[in-house]
Structure formats: C-alpha cells, structure tokens
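Undergrad: no sequence on hand, only this structure:
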C-alpha cells in the first residue's frame, strides 16, 4: 500500500521546517565536542556566548 501524495507532501514540509533546527542542534553538538577536546566546559562557554 503506497502512501498518498498528500501524506508525502506533508512529510516533506515537516522535514523542510525541521532542517534548520536539526542543523543548529548538530552544530552546537559538534562545537561542544570540540570544546571538550580543548578541556573547556561547553555549558560555561555557551552560557558566556548567549
């Protein structure tokens, strides 16, 4: 049973809306890993930044 075109379009719109959020969270996660490798507390660094 194939999903209807309407369902596929809704799924695509949801993914398109969430991509900036996913990308931002990924960037913060990569930044936190880099900060930990530099022996810096990421929570303190992000608190100072924001």
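TA: Everything's here; your move. Since this is a predicted model, take the numbers as computed values, not measurements.

Undergrad: any low-confidence regions in this protein?
TA: For the chain, residues meeting the criterion pLDDT under 70 lie at 1-3, 5-6.

Undergrad: so where do the helices sit in it?
TA: 5-37, 42-49 (DSSP state H).

Undergrad: let's have those helices in JSON lines, adding mean neighbour count.
TA: C-beta here means a position set from N, CA and C on the backbone, and glycine is covered the same way. Formatted as JSON lines, those follow (neighbours: other Cβ atoms under 10 Å):
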{"stretch": "helix 5-37", "mean neighbour count": "11"}
{"stretch": "helix 42-49", "mean neighbour count": "11"}
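
Undergrad: tell me the centre residue of this protein?
TA: In the chain, the centroid-proximal residue (Cα atoms, centre = their mean) is residue 22; its distance is 2.4 Å.

Undergrad: who touches stretch 39-50?
TA: Contact with stretch 39-50 is made by 28, 31-32, 35-36, as judged by Cβ atoms under 8 Å, 6 or more residues apart in numbering.

Undergrad: what about 6 Å?
TA: Contacts to stretch 39-50, defined as Cβ atoms under 6 Å, 6 or more residues apart in numbering, come from residues 32, 35.

Undergrad: distance from it to the middle of the chain?
TA: 18 Å (Cα atoms, centre = their mean, to the nearest Å).
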